[in-house]
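S.K.: Compute the structure for the input listed below.
(2 chains)
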Protein chains: 2
Amino acid sequence: MALIVQKYGGTSVGSVERIQNVAAKVAAARARGDDIVVVVSAMSGETDRLTGLANQISSRLVAREMDVLLSTGEQVTIALLAMALDAIGQPARSYTGSQVRILTDDVHTKARIKKIDGERMRADLEQGRVVIVAGFQGSDEHGNITTLGRGGSDTTAVALAAALKADECQIYTDVDGVYTTDPRVEPNARRLERITFEEMLEMASLGSKVLQIRAVEFAGKYAVPLRVLSSFAEGPGTLISLEESEMEDPIISGIAFNRDEAQLTVVGVPDHPGIASAILGPIGAANIEVDMIVQNVGSDSLTDFTFTVHKRDFATALQIMREVAGSLGAKDVRGDDDIVKVSLVGVGMRSHAGVASKTFATLARENINIRMISTSEIKISVVIDSKYLELAVRSLHKDFALDREPQDEAL
Amino acid sequence: MALIVQKYGGTSVGSVERIQNVAAKVAAARARGDDIVVVVSAMSGETDRLTGLANQISSRLVAREMDVLLSTGEQVTIALLAMALDAIGQPARSYTGSQVRILTDDVHTKARIKKIDGERMRADLEQGRVVIVAGFQGSDEHGNITTLGRGGSDTTAVALAAALKADECQIYTDVDGVYTTDPRVEPNARRLERITFEEMLEMASLGSKVLQIRAVEFAGKYAVPLRVLSSFAEGPGTLISLEESEMEDPIISGIAFNRDEAQLTVVGVPDHPGIASAILGPIGAANIEVDMIVQNVGSDSLTDFTFTVHKRDFATALQIMREVAGSLGAKDVRGDDDIVKVSLVGVGMRSHAGVASKTFATLARENINIRMISTSEIKISVVIDSKYLELAVRSLHKDFALDREPQDEAL
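M.R.: Next up is the predicted model:
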């Protein structure tokens, strides 16, 4: 008999029928003999509805009250799911974050979980009840309601699984697992049976939106086996775990891409110490996050400095750079938001040389110009013109044989 | 500097604009130097929306989960009101019933308040904050969310006022006070400056829907001065208090009526001990509540037994009576649901004889036949044909001079 934490997102509980569908899945899992703790999000659309009301009231964010407001979304879902389980004969009890003492810090709207008291949940499980917990919320040491920020229900599920020492944390979503790449771009994309936390973290941070990054970090830290699977279809999904079995590990697990970045280049700045901070200082001061950074060594002691920011910050960043260009002694500032970042991720890269050169060879063969390159131990990212996105993803997917089950292969 | 508890119902907080209107009223009261605790209901329509979702999920009432569900309604309002106060520069803090420890028994969907911990609220008031509390809800000793039943926000307000020893509990509603009778029936109906708890209780139990009966009982028990006033108009409203000043007390304070009752008569039953319980036993066993009961002493040791029930129970009660009529030895069973109960209420009745005879004289003059009479220390109720309702109310209103401010008058 295992203890399973299941999490169902907003789309999975988006209507009365879907909540009844979730109840059926939960009851079936319980009937197989496992103890089940269910974490649910607000019904899809509800958080937007509540946020809309708040925006009509005030243009200012009153963070403490926003948490009081938004936490009602999940509270509605837990009650309805408990009723739906009762209706099919499965005893259940619902709990808000405060009620099961999900203790957080006091940073309203983006609180972090500090401690969970599992006692009450264990008592219910022992009595054969399904325990239903509102995701995304907790309370601080003074009993004020807090929320973990949007999408935080994944984090709640992983934290509960860690606190209860669950055998598995299952994240039900509208996709049936993690794919080698986005199937809308590459129809031959293949569902992965398993992936490591490190790979999943890279995939998530690169724009693959299957799981929240914080939840993956949390699961990795506490070694909670995490499984992504579909609310709407049967199937084993994708298991995210610590284990790397050398025999089976492919060199590349997946290809992620991110359309949300824009590139800025400061051309021809004097190449002396401190130039990077002189350029990025004003960007950071404007609260703009920088992703990739590349500095080319140029001729005549001049250098080109290139970095990427989120598209929403592009205009601001460009303006800041143009303002400081003179004092930096730069020749020009250029910007381009018609770019895309494509990344190959795989723990197998560690033990295989030549992934980078194979990547560059594939892109060169297709006449795709690489504008930026950045590498880490398990990742290679390139920035290319956005018009080449599909071609690049498909060519790399094919050349690295991602459409086939991994074999013990060499490059 | 006084401590005032204000309560705003669902209609008063039914939209963003109305919540902003409430915020303005609260801030104005605070600006006059008083400490303010505000109790709010769910936005009008919200409780019905949530109940509708529950009904779609299950035909069975899962009481514990219903409370988890419905309590979100008020939680949304407290957060929005706190934001609206913040937006106009008035610091405020919102609290759910659980958070200010409104401890109740564990009878879900109709819990009763056992204890309130005022400490947290007092600390906020001392710091100049307005305290906003979700009406209608609390939690039991195990931390399970409970609700006080529909309309229970009035009770929350009175209970808070009692716990905090507030100077006044103000119930804001869509009428500007308690009237001598329903102005839709008698356009000359006059707003009362004050009324006693006993009178208000009678008025409420007789169908005047300005206040919840439980809230009035609670206020009377703890001697909390209660004031009914309008959310939408300025004015002093009506003060409900313990004090009776002999000089000013009118004989009659108001005329209430109730269209929801139906009359049943068991004709010609043997007049022996136990006949009343033999008739009403099966009615009680069917969970039907009986209001007025009259037994006429007839001729030949036979008696007629008449009682009233709610209209919704009329058909069932009539069927039960017809079934038991034979065993009772009754000659006939008659029923009529085309009746109305008209009641005169006033503490002044205690010290004035002749109210009953004056009432009967007025009705006789208008040729209105009285079908049943029942009296208490501060009330006279008569059952008449419903077609005479308006005529009876207007004639009594005029004869008892209710359209004029009370003088020190004799009958």
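
S.K.: what are the ranges of the helices in the stretch 151-300 of chain A?
M.R.: Assignment of helices within the stretch 151-300 of chain A using DSSP state H, counting those that start in this stretch yields the ranges A:153-163, A:197-205, A:213-221, A:275-285.

S.K.: quick one: the last one to chain centroid distance?
M.R.: Yep, that's helix A:275-285 we're talking about. Taking the mean C-alpha point of helix A:275-285 and that of its whole chain, the gap between them comes to 28 Å (CA atoms, centre = their mean, to the nearest Å).

S.K.: do the second one as well
M.R.: For helix A:197-205, the separation from the chain centroid amounts to 8 Å (computed by CA atoms, centre = their mean).

S.K.: Among the helices of the stretch 151-300 of chain A, show me which one is buried the most.
M.R.: Scoring those by mean neighbour count under mean count of other CB atoms under 10 Å in any protein chain shown gives helix A:153-163 as the most buried, with a mean of 27. C-betas here are computed from N, CA, C, even on glycine.

S.K.: Which neighbouring elements make contact with that one?
M.R.: Contacts defined by 3 or more CB pairs under 8 Å, 6 or more residues apart in numbering or on different chains; DSSP states H and E place helix A:153-163 against strand A:3-8, strand A:35-40, strand A:113-116, strand A:130-134, strand A:168-173, helix A:213-221.

S.K.: Outside of the fifth one itself, list whatever touches it.
M.R.: It stands for strand A:168-173. When contacts are defined by CB atoms under 8 Å, 6 or more residues apart in numbering or on different chains, strand A:168-173 is touched by residues A:2, A:4-9, A:11-12, A:22, A:25, A:154, A:157-158, A:160-161, A:210-211, A:215, A:219, A:224-231, A:237.

S.K.: ok, of the residues you listed, which come out buried?
M.R.: Buried by 16 or more other CB atoms under 10 Å in any protein chain shown: A:4-9, A:11-12, A:22, A:25, A:154, A:157-158, A:160-161, A:210-211, A:215, A:219, A:224-229, A:231, A:237, out of the contacts of strand A:168-173.

S.K.: Once you drop chain neighbours, what's closest to the residue in the stretch 201-350 of chain A that chain B sits nearest to?
M.R.: Of the residues in the stretch 201-350 of chain A, the one nearest chain B is A:Ser231, at a distance of 17.2 Å by CB to the nearest CB. If the residues on either side of it in the chain are set aside, A:Ser231 comes closest to A:Ser12, at 3.7 Å by CB to CB, 6 or more residues apart in numbering or on different chains.

S.K.: Which residues are in contact with A:Gly118?
M.R.: When the contact criterion is CB under 8 Å, 6+ apart, the partners of A:Gly118 are A:Val100, A:Leu160, A:Ala163, A:Leu164.

S.K.: run the last query once more with 10 Å
M.R.: When contacts are counted by CB atoms under 10 Å, 6 or more residues apart in numbering or on different chains, A:Gly118 is found next to A:Val37, A:Val100, A:Arg101, A:Leu125, A:Val131, A:Leu160, A:Ala162, A:Ala163, A:Leu164, A:Lys165, A:Ala166.

S.K.: re earlier: in contact with the residue of the stretch 201-350 of chain A closest to chain B: list those residues for me.
M.R.: By CB under 10 Å, 6+ apart, the contact list for A:Ser231 reads A:6, A:8-9, A:11-14, A:18, A:21-22, A:25, A:171-176.

S.K.: Apply 7 Å and report the result again.
M.R.: Listed by CB atoms under 7 Å, 6 or more residues apart in numbering or on different chains, the contact partners of A:Ser231 are A:Tyr8, A:Ser12, A:Val22, A:Tyr172, A:Thr173, A:Asp174.

S.K.: ditto for A:Arg334
M.R.: Taking CB under 7 Å, 6+ apart as the test, what A:Arg334 contacts is A:Thr265, A:Val267.

S.K.: Over to it: give its phi and psi.
M.R.: phi -120, psi 150 (degrees, to the nearest 10).

S.K.: Ok, A:Gly97 next?
M.R.: The phi and psi torsions at A:Gly97 (degrees, to the nearest 10) take the values phi -60, psi -40.

S.K.: Can you tell me the centre-most residue of chain A?
M.R.: Taking CA atoms, centre = their mean as the criterion, A:Gln212 is the residue nearest the geometric centre of chain A, at 3.1 Å.

S.K.: So for that residue, what's the pLDDT?
M.R.: Note for A:Gln212: predicted pLDDT of 79.
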